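Asks: sharing a model prediction with you, sequence too.
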Amino acid sequence: MSTPRALDEVVDLIAELIRFDTSNTGEPETTKGEEECAKWVADQLADAGYETTYVESGRPGRGNVFARLPGDPASTAGALLVHSHLDVVPAEAADWSVHPFSGSIADGYIWGRGAVDMKDMAGMTLALARQFAREGTVPPRELVFAFLADEEAGGTWGSHWLVANRPDLFEGVTEAVGEVGGFSLTVDRPDGAQKRLYLVETAEKGVSWMRLRTTGKAGHGSFLHADNAVTELAETVARIGAHEFPTVLSDSVREFLVAAAEETGLELGADTPDLETALFKLGGLARIIGATLRDTANPTMLDAGYKANVIPQTAEAVIDCRVLPGRQAAFEKEIDALLGPNTTREWVTHLEPYETTFDGHLVDAMNAAILAHDPQGRTVPYMLSGATDAKAFAKLGIRCFGFAPLQLPPELDFAALFHGVDERVPVDSVLFGTKVFEHFLMHSAPHPTGR
């Protein structure tokens, strides 16, 4: 019997990955499943002939798997890191039409938590890694396959721990590809035709979770009380939540807007009146693109008081801040102007923004791979409003992109599926993506021998 190729097993591999409940609660004590899933991945790689490295990143059960595939020995290109995370955000089964960890394949979709974030890419990577080893494939550069823990809680016990404590695992790596890029956005052209834009992530906003603490005077809830910590905190949180930061277009966002305007005929520029509203003509993805036009600060947590008739001495809040490249100092200045006189702030989490240019051989390889399987496609850069493990790898000087190719149905609200109920990915999209990703990896560096 012939050995299965990537296209023969990728759907089943993704479904099996989904069946591992790797829910990351953000609390190490209640996070589960990463070790079992990572060891299963290691078994699949070993079955194809790889020597694998299993590493627990600072805590028991935080499993990570690495495998290397040697490239053309004559190549002068550094290794390419292909990274996926195996953890997922929790899911409430009662809210779903299928069980979130069923890995069900129905109605042309693979269903379950992680289907798009990001066990689809993990499955495509695993399927191709197995195929390459079985067939004795020699790529044009060394490939480092990494399957990681804890991305959904910021990578503290995953990529950031590995970069700080096991940089040897990334020896020789100069570039990397990971999640939230390479998917298609179908737009309407002025001539009535449609165009598929494939968004390559070249930038990420910074992530800064900020704790506010207001101090006042404790007292009886029935008295007149001008120095109320809860009141000042509430007013401060309301000001921050209502504040609109200035529009600042980074290179990645500007290039995306130029490309989208060229294809749609829409006015999409820095001077466009109500640019955020104009973006919604591009569909549901506008929620992501719109969030990259400016810094954001969204209140997410409040904590105050311990009894209904007692005015507490302190009150606290947490603000989820997402900051554009080069804007941290200006952002903090604006925030400080919004704080009440008895309110202080501190960073709970602070991860720097990241941006690279949309050029070079790796970008050319992405574009060529898309065009080989969708001649009417066009690759464009964009900025992610969220964060990925790329923030950790950038600390090692690795140039990072988001490229997990999927050709999506125009009517699918892809953005809503991330961390959403009934998360799912089209089977056809996965098959398309596997073919594109194979082409990309096999052309990810010039062949020195001319092959």
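Replies: Yep, it's here. Note that this is a predicted model, so its numbers are computed, not measured.

Asks: report the rounded mean pLDDT for the helix or strand harbouring R345.
Replies: Element membership of R345 [criterion: DSSP states H and E] is strand 343-351. The predicted model assigns strand 343-351 a mean pLDDT of 95.

Asks: who's in contact with that strand?
Replies: With contact meaning C-beta atoms under 8 Å, 6 or more residues apart in numbering, strand 343-351 is reached by 154, 206-214, 232-233, 236, 318, 335-336, 339, 387, 391. Where C-beta positions appear, they are placed from N, C-alpha and C, glycine not excepted.

Asks: neighbouring strands for that strand, and are they parallel or not?
Replies: Strand pairing for strand 343-351, using DSSP bridges, gives strand 206-215 (antiparallel).

Asks: pairing partners for the helix or strand immediately after the strand it pairs with in the chain, with directions?
Replies: Sequence order places strand 219-220 as the next helix or strand after strand 206-215, per DSSP H and E. As defined by DSSP bridges, the strand partners of strand 219-220 come to strand 310-311 (antiparallel).

Asks: in its sheet, what does the helix or strand that the strand it pairs with is followed by sit against?
Replies: Remark: after strand 310-311, the chain's next helix or strand is strand 314-323, criterion DSSP H and E. Sheet pairing here is set by DSSP bridges, and for strand 314-323 it gives strand 206-215 (antiparallel), strand 296-304 (antiparallel).

Asks: kindly export the helix or strand following strand 314-323 (C-alpha atoms) in PDB.
Replies: Tracing the chain past strand 314-323, the next element assigned as helix or strand by DSSP H and E is helix 328-338. Extracted C-alpha coordinates of helix 328-338, given in PDB (Å, rounded to 0.1, in the frame of the first residue of the first chain):
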ATOM      1  CA  GLN A 328       4.300  53.500  23.600                       C
ATOM      2  CA  ALA A 329       5.600  56.800  25.000                       C
ATOM      3  CA  ALA A 330       2.800  58.900  23.500                       C
ATOM      4  CA  PHE A 331       0.200  56.300  24.500                       C
ATOM      5  CA  GLU A 332       1.300  56.400  28.200                       C
ATOM      6  CA  LYS A 333       1.200  60.200  28.100                       C
ATOM      7  CA  GLU A 334      -2.400  60.100  26.900                       C
ATOM      8  CA  ILE A 335      -3.300  57.500  29.500                       C
ATOM      9  CA  ASP A 336      -1.700  59.500  32.300                       C
ATOM     10  CA  ALA A 337      -3.800  62.500  31.400                       C
ATOM     11  CA  LEU A 338      -7.000  60.500  31.900                       C
END
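
Asks: helices or strands up against helix 328-338?
Replies: When contacts are defined as 3 or more C-beta pairs under 8 Å, 6 or more residues apart in numbering; DSSP states H and E, helix 328-338 packs onto strand 206-215, helix 229-242, strand 314-323.

Asks: gap between the helix or strand where T379 lies and the chain center?
Replies: T379 belongs to strand 377-384 when assigned by DSSP H and E. Mean C-alpha position of strand 377-384 versus that of the full chain (C-alpha atoms, centre = their mean, to the nearest Å) differs by 15 Å.

Asks: all set, thanks.
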